[in-house]
Every structure is written in C-alpha cells, then in structure tokens.
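**Student:** Sequence first, predicted coordinates after that:
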Amino acid sequence: MLPNRNLRLMLASAAFIGLSGPAFALDGADLVTKLNAAYALSGATIAYENVAVDGTTVTLTGVTVKSTAAPGKDFKVGEVTLEGVEESDNGGYYVETVTLPDVDVKEDETAVTAKDITMGGLTIPGNPTGGTINDMVLYESAGTGPVTVTVKGKQVFSMDESEANLAKQESDAGFDFDATLSGIKADLSDVEDAKAKDAIEKLGLKTLSGEMTIKGSWEVASGNVSLEEYAFDFANVGRLAFAVDISGYTLEFMKSIQEAMKAQEANPNKEEANQAMGLAMMGLVQQLTFNSASLRFDDATITKRVLDYIGAQQGVTGDQLAQSLKGMVPLMMAQLNVPELQNQVSTAVNTYLDGPKSLTISAEPANPVPFPMIIGAAMGAPNTVPGVLGVKVTAND
C-alpha cells in the first residue's frame, strides 16, 4: 500500500505542477498593456510586432514609440529585452534590467547615434491612476554609452556616457534623483553665421568640453521639489549652476497638467487650444509656493575674453570696458527704484570685474511665498518683487 500511496502523491504533484505552470507564466502582452496605460498619461504609447517570454525574460520585437504630440512621427526602436521580470502584488511588474538597441537615426544631413542604452529596476504599476508613488512608472538606474551627433558628415557633438539614478525615500515619501552627462564635447568651428563665427574664434570657443550634473528630490505629500543642482561645467569657460525649491507639485497637480495637455491635443482649433492651455496653466500655478532659488557662475577665464572681445569692437581694452561697466550699472539699476538691490548689484559687479571668480544671484524669502503673491507683486509693484523674494547678489564668495 505504501508504494501505491507514494505513487499517487507523485502523480498528483506532477499534475499540479503541470497545471500551475501556465498560470504563473509571465504575460508579455499584459506587461506592455500596463506600461502603455501608464505612459498614456504623458501622451505616449508603445507598439510591437511580437512578444516572446522565456522564463523571466520578455523580448519585444519591432518596437515603435508613438506620441500624440508628434502624430505621424513614430520612433522605431527595434528589439527590447526585459530581464528578471516579476509580477508585483499590485498587479504590475518589476523589471530588473531593460536593454534597448543602439540608436542610429538619420534625417536630412543630421545623424544621431547612441550606444549601450540600459535601464535597471523598472517598476510598471498595475493601476497608473491610483494616486500614490507606487502607481507611477519609475526606474532605479538608467544610462547610455557614447552618443554622437553628426552634421554634413562632421561630428559636432559627442558624449562619453550618461547615468541617472532614482531612489525611493523611506515609507515611499518621495524619491531622490541624480544624473550625470560626462565627456561632453561640442565643435562650433563650422558655424555659418559670420558674426557668430568671429565671436566663437576670438573667444576660444571652437571646441567645448565638460559635463552636466543634476541632483534633487521630490516629496509626494507636500509636492516639494528641490532641484539642488542643475549645472553645466565647461573647461576654459566656467560652471553655471541653477537651483530651485518649490512646493505644491503634488500628484494631483501632475494629473491636472496631463489632463490639460490631453484637452489641448484633442482640440482641433489650435489657437483656441493654446489659449485654453495658457489659462489652465495660470490656474495651476496658483497652487505652487516659492521657497528659494539661486543662479551661480564660477568663472574659468571666459569673462576676461568676453571683455577683451567686446572692448575691441568699441575701440577700448577689456580693462577699460570693465571700468565703464562699473559706472553704468548703478545708473541702470537706479531706473528699477530698488535702492537696496541697487547697492548689492553695484558692489557685486565691481568686485567681480576687479577679479572674476564667481557671481551669485539668490532668492531666499524669510517664509515661503505663494505664487499668487509673486504674480500680484509683479503686476502691481514690480520694484517690490526682489524684497518679497529676498533677492541677494554677491560676488567672489
């Protein structure tokens, strides 16, 4: 009896495994359907010719990206491989790695190439309208290898690599993000406009090399977006860094923008659609609050070259032009009727021109300022805006 009992258990187990296999198999078509449901909110859809599933790997062939913003201009991607695919508890999917084919696009006399395009930790929501951070398409990392742009057979732009990261905060409160575009090179030697070409040559800007960096965070509940750094850093030119901190950019705010964009695209009367979009955006801006912002430039010899170049056109030296600017700035600022800011700007400009190192414009109000208050001040008494925002201008600090 015992051998027969064991045999029946083995057969039952085999039958269960055989029946359960298809139930647990990945549904590649469902994955794309849910990805499209999420992307549809931003006006994009993904089409494919075939989907194949092999274990936890989903391969899409003949992939094309369509955008409602550019009808008739579908972008052909090719074969996309998703590895380490798992179904999530919320009905969505988690993809360990996404590999896309190299890009090689040509239009007229311009060609663009991009290699080694990958994405890691892709989350596809089961319900993109759920209203939480887990109902968004998110990735943990993304990047590319070399990127080039060629015009008329000559390379005018290249980048060694790019990398972006996204990390969820504790309790899904929001996420932190950063990105780096490194090894950027631009060739401006073939600019056709005579004046621009002359300026580029005399300023020593025929070739540029540097990098771009981004860093920030977003808190879902308050809609606080803190862009800590958005910077361009080029050799022998300088580093320009922008930062801003605002609140009110919530998921509801995002959905309102998406709905306004859908309405604009659906309206065949483009003039009417653009006017409606403008009014909608004016209404949405009322929900935002300004916390702080700054713009900083760190000089890397470009200032002296600009002074010398402009001075030569006026028949003076760069130093003479600098002295002239020192006298002109107070007169120009006086027209704005903002005495405190006038003194700050004059002092900063004098300090910077005497020995260019850095120039910073910052806005840090004592308390957060609602955007309607800023708009009201700008319309009623423009000269009060710097005081409302706590604007300061400093140099070489």
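**Tutor:** That came in fine, so what should we check first? As the structure is a prediction and not an experimental result, all values here were calculated from the model.
**Student:** Can you report how many residues lie near the nearest residue to residue 389 once chain neighbours are set aside?
**Tutor:** Of all residues not flanking residue 389 in the chain, residue 363 sits nearest, at 4.2 Å (C-beta to C-beta, 6 or more residues apart in numbering). All C-beta spots, glycine's among them, are computed from the backbone N, C-alpha and C. Using other C-beta atoms under 10 Å, residue 363 has 20 other residues around it.
**Student:** Hmm, residue 363 is touching residue 295, no?
**Tutor:** No: no contact is recorded between residue 363 and residue 295 when judged using C-beta atoms under 8 Å, the distance being 9.1 Å.
**Student:** what are the bridge partners for the residue nearest the centre of the chain, then?
**Tutor:** Geometric centre of the chain, nearest residue: residue 214, 8.3 Å, by C-alpha atoms, centre = their mean. Judged by DSSP bridges, the bridge partners of residue 214 are residue 179, residue 230.
**Student:** where in the stretch 51-200 of the chain is pLDDT low?
**Tutor:** Applying pLDDT under 70 to the stretch 51-200 of the chain flags residues 69-70.
**Student:** Break down it into its strands, ranges please.
**Tutor:** Residue ranges of the strands in the stretch 51-200 of the chain, as given by DSSP state E, counting those that start in this stretch, are 57-67, 75-87, 93-100, 103-107, 110-114, 117-124, 141-144, 147-151, 154-159, 161-168, 174-187.
**Student:** Save those as JSON lines, and put in mean neighbour count and distance to residue 225 too.
**Tutor:** Putting the strands of the stretch 51-200 of the chain into JSON lines (neighbours: other C-beta atoms under 10 Å; distance: least, C-beta to C-beta, whole Å) gives the following:
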{"stretch": "strand 57-67", "mean neighbour count": "17", "distance to residue 225": "24"}
{"stretch": "strand 75-87", "mean neighbour count": "17", "distance to residue 225": "28"}
{"stretch": "strand 93-100", "mean neighbour count": "18", "distance to residue 225": "26"}
{"stretch": "strand 103-107", "mean neighbour count": "11", "distance to residue 225": "30"}
{"stretch": "strand 110-114", "mean neighbour count": "15", "distance to residue 225": "28"}
{"stretch": "strand 117-124", "mean neighbour count": "20", "distance to residue 225": "20"}
{"stretch": "strand 141-144", "mean neighbour count": "18", "distance to residue 225": "20"}
{"stretch": "strand 147-151", "mean neighbour count": "17", "distance to residue 225": "27"}
{"stretch": "strand 154-159", "mean neighbour count": "16", "distance to residue 225": "26"}
{"stretch": "strand 161-168", "mean neighbour count": "17", "distance to residue 225": "14"}
{"stretch": "strand 174-187", "mean neighbour count": "17", "distance to residue 225": "9"}
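**Student:** nearest to residue 286, of the ones you listed?
**Tutor:** The closest of the strands of the stretch 51-200 of the chain to residue 286 is strand 174-187. By C-beta to C-beta, the value is 22.7 Å.
**Student:** Run through who's touching that closest one.
**Tutor:** The contact list for strand 174-187 (C-beta atoms under 8 Å, 6 or more residues apart in numbering) reads 133, 138, 154-169, 206-221, 224, 234.
**Student:** again, 6 Å this time
**Tutor:** With C-beta atoms under 6 Å, 6 or more residues apart in numbering as the test, strand 174-187 has contacts from 156-169, 207-220.
**Student:** any idea how far that strand is from the chain center?
**Tutor:** 9 Å (C-alpha atoms, centre = their mean, to the nearest Å).
**Student:** tell me which residues in whichever strand or helix holds residue 271 are buried?
**Tutor:** Here residue 271, judged by DSSP states H and E, is contained in helix 270-285. By neighbour count with 16 or more other C-beta atoms under 10 Å, helix 270-285 contains the buried residues 273, 277, 280, 284.
**Student:** Also stretch 290-308?
**Tutor:** For stretch 290-308, burial by neighbour count (16+ other C-beta under 10 Å) applies to 290-300, 302-303, 305-308.
**Student:** Identify those among these that sit within helices.
**Tutor:** 302, 303, 305, 306, 307, 308 (DSSP state H).
**Student:** Out of those, the closest to residue 239 would be?
**Tutor:** Residue 239 lies nearest to residue 302 out of those, by C-beta to C-beta, at 10.6 Å.
**Student:** which one is the closest one nearest to, not counting chain neighbours?
**Tutor:** Distances taken as C-beta to C-beta, 6+ apart place residue 237 nearest to residue 302, at 4.7 Å, with adjacent residues excluded.
**Student:** wouldn't the one you found be in contact with residue 303 here?
**Tutor:** No: using C-beta atoms under 6 Å, residue 237 makes no contact with residue 303, being 9.8 Å away.
**Student:** which residues of the stretch 201-350 of the chain score low on pLDDT?
**Tutor:** Short version for the stretch 201-350 of the chain, where the test is pLDDT under 70: none.
**Student:** how about the helices of it, start to end?
**Tutor:** 251-266, 270-285, 302-313, 318-334, 339-354 (DSSP state H, counting those that start in this stretch).
**Student:** Those helices into JSON lines, with extra columns for distance to residue 43?
**Tutor:** Shown next, in JSON lines, are these (distance: least, C-beta to C-beta, whole Å):
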{"stretch": "helix 251-266", "distance to residue 43": "6"}
{"stretch": "helix 270-285", "distance to residue 43": "13"}
{"stretch": "helix 302-313", "distance to residue 43": "39"}
{"stretch": "helix 318-334", "distance to residue 43": "44"}
{"stretch": "helix 339-354", "distance to residue 43": "42"}
